[in-house]
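**Q** Here is a sequence together with a model predicted from it:
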Amino acid sequence: MESGSLTAGEASQRLMARLIGDAAFLIEGVASPETATAHMACFVESPSYLTSFKTSSSECWLITPQIYENLDEGARSKKTFLLTEKPYHSFVELVNFFFPAIKAIAKKHPQAWIDPSAEVASSAQVEAFVSVGPRAKIGARVILHSGAWIGEGSIIGDDSIIYAGAKVYPNCMLGKRNVIHGGAVIGGDGFGFLPGSKGLVKIPQVGRAVLADDVEIGANSTVDRGTIGDTYIGQGTKVDNLVQIGHNCKIGKNCILCAFVGLSGNTTLGDNVLMAGQAATKGHLEIGSNVQVGGASGISKDIAPNQQVKGYPALPLKEFLKIQVLHTKLPEIYKRLMEVEKKLEEINK
Amino acid sequence: MESGSLTAGEASQRLMARLIGDAAFLIEGVASPETATAHMACFVESPSYLTSFKTSSSECWLITPQIYENLDEGARSKKTFLLTEKPYHSFVELVNFFFPAIKAIAKKHPQAWIDPSAEVASSAQVEAFVSVGPRAKIGARVILHSGAWIGEGSIIGDDSIIYAGAKVYPNCMLGKRNVIHGGAVIGGDGFGFLPGSKGLVKIPQVGRAVLADDVEIGANSTVDRGTIGDTYIGQGTKVDNLVQIGHNCKIGKNCILCAFVGLSGNTTLGDNVLMAGQAATKGHLEIGSNVQVGGASGISKDIAPNQQVKGYPALPLKEFLKIQVLHTKLPEIYKRLMEVEKKLEEINK
Amino acid sequence: MESGSLTAGEASQRLMARLIGDAAFLIEGVASPETATAHMACFVESPSYLTSFKTSSSECWLITPQIYENLDEGARSKKTFLLTEKPYHSFVELVNFFFPAIKAIAKKHPQAWIDPSAEVASSAQVEAFVSVGPRAKIGARVILHSGAWIGEGSIIGDDSIIYAGAKVYPNCMLGKRNVIHGGAVIGGDGFGFLPGSKGLVKIPQVGRAVLADDVEIGANSTVDRGTIGDTYIGQGTKVDNLVQIGHNCKIGKNCILCAFVGLSGNTTLGDNVLMAGQAATKGHLEIGSNVQVGGASGISKDIAPNQQVKGYPALPLKEFLKIQVLHTKLPEIYKRLMEVEKKLEEINK
């Protein structure tokens, strides 16, 4: 729910931004340039967005000093400006002002089920149809939305939010400030079978899924538990919707995994790894810190740190792009080859 | 549940089809040609399906006049025919006769939870373990299956069906006759983070997800809410299972998105766009009306209307197919290049 | 929960393995070589894992006689060995000893909802917030975890486990010993629409989803019901997370479908088919028994039995690999073509 308003002067103080214009100008909300009305704040972080700045109805702009300097008089005259080196960051602060984060209400819904042996913090909010299994521990100010399932012996760290219908299988461990979106499944069985005389034999999946602090998992994503030992997601890593993380993966800090990323079992990621949508790994391999993997790439062997890779199989980005251009040129290449052949034939005559 | 029967004469009237054969012939159901018994109706829409027509036990066929004309006497003699220009459409009408759509039963299950401030139509059906949040509005004849979650302030239009365990996050808006399948998540947070000094900073996701009338969303698909402003799905658009629609996407009318399609944030689709399975977009781009995107394509820039594209990156279909053939021919191309090199060497000697 | 311990002598008998070392050595658990302490059992199945054998703290190893024979005296001296032809299989048996499979507790949670017309075995375990619809049948020793939905008329075979929030739509049939993981949706509508004058017309989906015995379906996977007739998954087939199986697919026995596999409608698979991650089919085609499909492959026509294929479109594996190498060589090929053109020009001068 949007709430409140503040003056440009107050915003200037809150954001530590230099105000140019009327300190009494009332900011009533935040918006994208296309939909903003006069009193909604917008931002411009790069000159390429100046088009929408010019056509927008907003009269209040977060903007870098550099971009502001290059505005002509007309553009400057009708607006209130808040000058800041990082307009997007400042804008996010404003959004958080107008849409304050939801806080846990200390209550346990009568239609929830909490096993008597579970420990649920008194400050936690437990909604209807939530199941908290035996010996599970729910930290302070945790919100468990409707239909969340916390399996036997699992631990949810303080200030975490588990959205509707998310499932945490038994004996998993989530750190503080985790956000698990609707329908995500944490700690399901890894996918492992051995060929046997009567069909496939299931390899028992008896490890855990362990998420460090500040991890966010998107809607309907799946994080398998370890076969033996743990699947681990490092502090601050963010996972989009519909991502699959296989058993015994070890993921570093502050990684970003976009939608449909698939990590096969025993994939190791360093810190700050970015995997774009649909990128996947073969498993039993290691991707170094700061690697950026392009969309739909297939990683089949180790990637050293600090590289950009793309393709199937993944190559260094520059090499990939060169090959991609030539791939598109195949009709021309083929035609030129045929011409060469023809000329040779003529020579040989 | 299958129910009832009708005579070929009654079917002829109901489908406005020309009857050839016995008006008293009893149609007892519908089936595929392979599994049909004598009194089950089947259809042939194209001559390529005549093989199954000949081997099937069914004695009642929906068929085009053209195909009927070309049947020989023997093929005609033992069957009852219903002649119609669109046999598949007529068949669907018959299926709907034998399997009438389920209608809402006006009841609220005692084990559901409906917030006192929510407005639920008296004609709506609310099953066990459904949560309807504060100020949510549930329209007439809506069916909320077991475990569905309707977040605070969300609106579900008349005659919609929300299947088991589907989740509608707060402040979203669904039109009339929406069908949301099991486990789908509507209005989850978009995936947006800014690099900060202490790790990734979450960009608050405070917009809505808005679905127009007659939208269908498949099982376990995810539709993110807008960051600021709305994610929008136009009237009549159908979305398969396990599809991801990012924040602030704008989708036109009557689009078809097949399984594993991924739309990154701020993708715009015109009307009647078809995206085959695993096709994905980079985001911040526009695909024009009537575009058909082939399976597993990667869209990284705008696509003008009325085109067929395929590939990664996507190219006009004809170009893609030409390149694909040459790609498969690479071993031959390489061999011919080596031969050319050899001949040149000989000449130079 | 890990439990119990056994001596190396007892393990030798249980696993029918030849013991070398102290029969009284106490095995207190199982572990991976990296995390094992002295009394945790590990295994070596191939010589390539001897590195972790050498660095591990474990003093108890399941090993093949062949690998054991090639160990030097030093390596042999400090360990207890259990010699077996299939160390991984034996290890799985040990895991099952230390982590016995969870058994159903005959109870019906008071916060579950079971329709009076449903038949639930007295030995079944029904957790909180489970819905069992009218005329559904739940077999002996079945476990229905929290929030599972068993639709009207569906049947769950003996000894099956339905995890939290899994959904079985009405009139589906699951065999014995099925395992359905959290959030999986069995029997949702197939994705079929016809173009009509007022938009897309839904093709009613009135068939069933039928799973034979010993099928396992991963978290958040979706198995659509048949349009008319059944979708069928054969005995012993294992399906990973986030897999989509379209309407009217027929899957044989003991197949393995990895994460993000997508089978379009009317795909037929023989027995023992392996589809690696992200592989997909166009539908209305057949893949023969024992076929192995590589990751991210696109199958657009029938594949004869006993082949390995890969690529988009899929080719025989050897051909695919040859083409892939040449694809990577495109810059070199292009350079050589230019050189050839240059030489020809010189000759023509």
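**A** Perfect, I can see it now. Numbering: from 1, shown residues only, chains lettered A, B, ... in the order given.
**Q** Mind naming the longest helix for chain A?
**A** Of all the segments assigned as helix in chain A under DSSP state H, the longest by residue count is helix A:330-348.
**Q** Mean confidence (pLDDT) on that helix, please.
**A** Throughout helix A:330-348, pLDDT has a mean value of 95.
**Q** That helix to helix C:330-348, inter-axis angle?
**A** Angular relation of helix A:330-348 and helix C:330-348 on a 0 to 180 degree scale: 30 degrees, by axes from the mean of the first three to the mean of the last three C-alpha atoms, to 10 degrees.
**Q** Can you pull the residues of the stretch 101-250 of chain A lying near chain C?
**A** Neighbours of chain C within the stretch 101-250 of chain A, by C-beta under 8 Å from any C-beta of the partner chain: A:111, A:113, A:129, A:131, A:147, A:149, A:151, A:153, A:165, A:167, A:169, A:171, A:183, A:185, A:188-189, A:191, A:193-194, A:196, A:199-204, A:206, A:220-222, A:224, A:228-229, A:242, A:244, A:246. No exception for glycine: its C-beta is placed from N, CA and C like everyone else's.
**Q** cutoff 6 Å now
**A** Proximity of the stretch 101-250 of chain A to chain C is assessed by C-beta under 6 Å from any C-beta of the partner chain, with A:113, A:129, A:131, A:147, A:149, A:165, A:167, A:183, A:185, A:188, A:191, A:193-194, A:199-200, A:203-204, A:206, A:220, A:222, A:228-229, A:244 identified as the residues in range.
**Q** Just those: which are in strands?
**A** Using DSSP state E, A:113, A:131, A:149, A:167, A:185, A:188, A:193, A:194, A:199, A:200, A:222, A:244 are the members of these that sit in strands.
**Q** Show the end-to-end separation of stretch A:261-273, please.
**A** One end of stretch A:261-273 to the other measures 12 Å (C-alpha to C-alpha, to the nearest Å).
**Q** what about that stretch, near chain B?
**A** No. Legend: contact between stretch A:261-273 and chain B by C-beta under 6 Å from any C-beta is lacking; minimum distance shown is 9.0 Å.
**Q** in the helix or strand of chain A with the lowest mean pLDDT, what counts as buried?
**A** Taking mean pLDDT, DSSP states H and E as the measure, the helices and strands of chain A show their lowest mean at helix A:73-77, namely a mean of 87. Along helix A:73-77, not one residue counts as buried under the neighbour rule (16 or more other C-beta atoms under 10 Å in any protein chain shown).
**Q** Contacts made by that helix with the rest, please.
**A** In this structure, no residues lie in contact with helix A:73-77 by C-beta atoms under 6 Å, 6 or more residues apart in numbering or on different chains.
**Q** Give me the helices and strands touching the longest helix of chain A, please.
**A** Based on contacts counted as 3 or more C-beta pairs under 6 Å, 6 or more residues apart in numbering or on different chains; DSSP states H and E, the elements that helix A:330-348 packs against are helix B:317-328.
**Q** Please repeat the previous calculation with a cut-off of 8 Å.
**A** Applying 3 or more C-beta pairs under 8 Å, 6 or more residues apart in numbering or on different chains; DSSP states H and E, one finds that helix A:330-348 contacts helix B:317-328, helix B:330-348, helix C:330-348.
**Q** With just CA atoms, put that helix into CSV.
**A** Taking C-alpha atoms only, helix A:330-348 is exported to CSV below (Å, rounded to 0.1, in the frame of the first residue of the first chain):
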residue,chain,number,x,y,z
LEU,A,330,27.1,-19.3,-43.6
PRO,A,331,25.0,-18.8,-46.8
GLU,A,332,27.6,-16.2,-48.0
ILE,A,333,30.5,-18.4,-47.0
TYR,A,334,29.0,-21.3,-48.9
LYS,A,335,28.3,-19.2,-52.0
ARG,A,336,31.9,-18.0,-52.0
LEU,A,337,33.2,-21.5,-51.6
MET,A,338,31.2,-22.6,-54.6
GLU,A,339,32.6,-19.7,-56.6
VAL,A,340,36.1,-20.6,-55.7
GLU,A,341,35.5,-24.2,-56.8
LYS,A,342,34.1,-23.0,-60.1
LYS,A,343,37.1,-20.8,-60.8
LEU,A,344,39.5,-23.6,-59.9
GLU,A,345,37.6,-25.8,-62.3
GLU,A,346,38.0,-23.2,-65.1
ILE,A,347,41.7,-22.9,-64.3
ASN,A,348,42.2,-26.6,-64.5
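**Q** by how many degrees do that helix and helix B:317-328 diverge?
**A** Helix A:330-348 and helix B:317-328 meet at an angle of 60 degrees, taking the same axes, to 10 degrees as the criterion.
**Q** can I see the domain layout of chain A?
**A** Taking automatic domain parsing as the domain assignment, the record places the domains of chain A at A:6-98, A:107-320.
**Q** Just the C-alphas of the least confident helix or strand of chain A, formatted as PDB.
**A** These are the backbone C-alpha positions of helix A:73-77, laid out as PDB (Å, rounded to 0.1, in the frame of the first residue of the first chain):
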ATOM      1  CA  GLU A  73      17.300  26.100 -19.800                       C
ATOM      2  CA  GLY A  74      13.800  25.000 -21.000                       C
ATOM      3  CA  ALA A  75      14.200  21.500 -19.700                       C
ATOM      4  CA  ARG A  76      15.400  22.800 -16.300                       C
ATOM      5  CA  SER A  77      12.900  25.500 -15.800                       C
END
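**Q** next structured bit after that helix?
**A** Under the assignment DSSP states H and E, the closest C-terminal helix or strand after helix A:73-77 is strand A:80-83.
**Q** CA atoms of the next helix or strand after that following strand as CSV?
**A** If you walk from strand A:80-83 toward the C-terminus, the next helix or strand you reach (DSSP H and E) is helix A:87-98. Extracted as CSV, the C-alpha positions of helix A:87-98 are listed here (Å, rounded to 0.1, in the frame of the first residue of the first chain):
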residue,chain,number,x,y,z
PRO,A,87,19.6,8.3,-9.0
TYR,A,88,18.3,4.7,-9.2
HIS,A,89,19.6,3.9,-5.7
SER,A,90,18.0,7.1,-4.4
PHE,A,91,14.8,6.3,-6.2
VAL,A,92,14.7,2.9,-4.5
GLU,A,93,15.0,4.7,-1.2
LEU,A,94,12.0,6.8,-2.1
VAL,A,95,10.0,3.7,-3.2
ASN,A,96,10.8,2.2,0.2
PHE,A,97,9.5,5.4,1.8
PHE,A,98,6.2,5.3,0.0
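**Q** Same question for stretch A:174-185: list its buried residues.
**A** For stretch A:174-185, the neighbour count (16+ other C-beta under 10 Å) marks A:174, A:175, A:176, A:177, A:178, A:179, A:180, A:181, A:182, A:183, A:184, A:185 as buried.
**Q** need the contact list for the nearest residue to residue A:289 once chain neighbours are set aside.
**A** Nearest non-adjacent residue to residue A:289, counting by C-beta to C-beta, 6 or more residues apart in numbering or on different chains: residue A:270, 3.1 Å away. For residue A:270, the contacting residues are A:252, A:286, A:287, A:288, A:289, A:290, A:291, A:305, taking C-beta atoms under 8 Å, 6 or more residues apart in numbering or on different chains as the criterion.
**Q** residues near the fourth one, how many?
**A** This means residue A:288. Using other C-beta atoms under 10 Å in any protein chain shown as the criterion, residue A:288 is surrounded by 18 other residues.
**Q** Please apply the same query to the last one.
**A** The number of residues packed near residue A:305 is 14, by other C-beta under 10 Å.
**Q** Which strand or helix spans it?
**A** Here residue A:305, judged by DSSP H and E, is contained in no helix and no strand.
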